[in-house]
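Trainee: sequence unavailable; structure follows:
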């Protein structure tokens, strides 16, 4: 069994006006909130406990989570002021203090990634962090990595002006407990800007071959809605 942070507190500014009335993590796909797909995916891959951070439309998220019983245990962590993705980890480090490894997941993705396979890849090496990667059409909008022949990340740049690589951070990580020693103490603190650059040479990449889409823009959300129909029909997306 394992634990996971599911980062869901963001305001979803790029998805306005939808997010004026609905939390981004609750936007529907095939009539079901995105958060529900994440809970299902975690359950499928042996994640027993999920910590969801709350801020924007927190009452909506809390109401949804508490309205039914889940097969995973859900822990809610309200942030009156956004702590940033790395700040959330630092504020809730006790949640994983006894875990050898744990996942960090960005809730604004729709994916059917094999989290079990990624976890096994993380366990095979002496890694502080294993970063899920995808091939970006627009590298300047992403965190971009370069890897050596052993998939060790030797360079990481958040939203580079120019890049020699198109391998981008997917917002899905498996981490060893030792990552807690590297967390920045400032608030807010961001994983991409404030944590990952510290870990260059100590983290590895894992290319996600399964479906993955960030729903963070109206265009991407619309495409995810279309993709979900096909994935569900093919049995590749369950909830």
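Mentor: Everything's here; your move. Please read all numbers here as calculations on a predicted model, not as lab measurements.
Trainee: any low-confidence regions in this protein?
Mentor: Applying pLDDT under 70 to the chain picks out residues 139-140.
Trainee: hey, where'd the strands end up in it?
Mentor: 2-7, 28-29, 32-33, 47-54, 73-78, 101-106, 109-111, 129-135, 143-147, 153-158, 167-176, 203-207, 212-214 (DSSP state E).
Trainee: make TSV from those strands and add mean neighbour count and distance to residue 22 to it.
Mentor: From N, CA and C alone the C-beta is placed, and that goes for glycine too. Converted to TSV, these look like this (neighbours: other CB atoms under 10 Å; distance: least, CB to CB, whole Å):
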stretch	mean neighbour count	distance to residue 22
strand 2-7	23	17
strand 28-29	17	8
strand 32-33	16	9
strand 47-54	22	14
strand 73-78	15	18
strand 101-106	23	18
strand 109-111	24	16
strand 129-135	24	26
strand 143-147	21	27
strand 153-158	18	28
strand 167-176	23	20
strand 203-207	21	32
strand 212-214	17	17
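Trainee: can you check which of those gets nearest to residue 190?
Mentor: strand 153-158 (8.3 Å; CB to CB).
Trainee: quick one: contacts of the closest one?
Mentor: With contacts defined as CB atoms under 8 Å, 6 or more residues apart in numbering, strand 153-158 is touched by 131, 143-148, 163, 165, 169, 192-193, 196-197, 199-201, 203-205.
Trainee: in this protein, where's the longest helix?
Mentor: helix 218-233 (DSSP state H).
Trainee: before we move on, back to that, export the strands of the chain to TSV and append columns for distance to residue 93.
Mentor: TSV is the format used below for the strands of the chain (distance: least, CB to CB, whole Å):
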stretch	distance to residue 93
strand 2-7	10
strand 28-29	32
strand 32-33	28
strand 47-54	11
strand 73-78	11
strand 101-106	11
strand 109-111	23
strand 129-135	15
strand 143-147	23
strand 153-158	22
strand 167-176	11
strand 203-207	18
strand 212-214	26
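Trainee: indicate which one of those strands is closest to residue 229.
Mentor: strand 28-29 (9.1 Å).
Trainee: so in that sheet, which strands flank that closest one, and in what orientation?
Mentor: strand 32-33 (antiparallel) (DSSP bridges).
Trainee: and the partner strand, how far out from the chain's middle?
Mentor: Using CA atoms, centre = their mean, to the nearest Å, the distance from the centre of strand 32-33 to the centre of the chain it belongs to is 17 Å.
Trainee: and the nearest residue to residue 60 once chain neighbours are set aside, its phi and psi?
Mentor: Leaving aside its chain neighbours, residue 60 sits nearest to residue 23 (5.0 Å; criterion: CB to CB, 6 or more residues apart in numbering). When read as degrees, to the nearest 10, the backbone of residue 23 gives phi -60, psi 140.
Trainee: show me the contacts for the nearest residue to residue 106 once chain neighbours are set aside.
Mentor: Excluding its sequence neighbours, the residue lying closest to residue 106 (CB to CB, 6+ apart) is residue 171, at 3.3 Å. Residue 171 is in contact with 105-106, 108-109, 132, 214, counting by CB under 8 Å, 6+ apart.
Trainee: would you list the residues you listed in a markdown table and tack on distance to residue 125?
Mentor: Conversion of the contacts of residue 171 to a markdown table gives the following (distance: CB to CB, whole Å):
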| residue | distance to residue 125 |
| --- | --- |
| 105 | 21 |
| 106 | 23 |
| 108 | 28 |
| 109 | 24 |
| 132 | 15 |
| 214 | 27 |
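Trainee: now the two most distant members of those residues.
Mentor: 108 and 132 (13.9 Å).
Trainee: so residue 114 is in contact with residue 207, correct?
Mentor: No - Residue 114 is beyond contact range of residue 207, at 12.0 Å (criterion: CB atoms under 8 Å).
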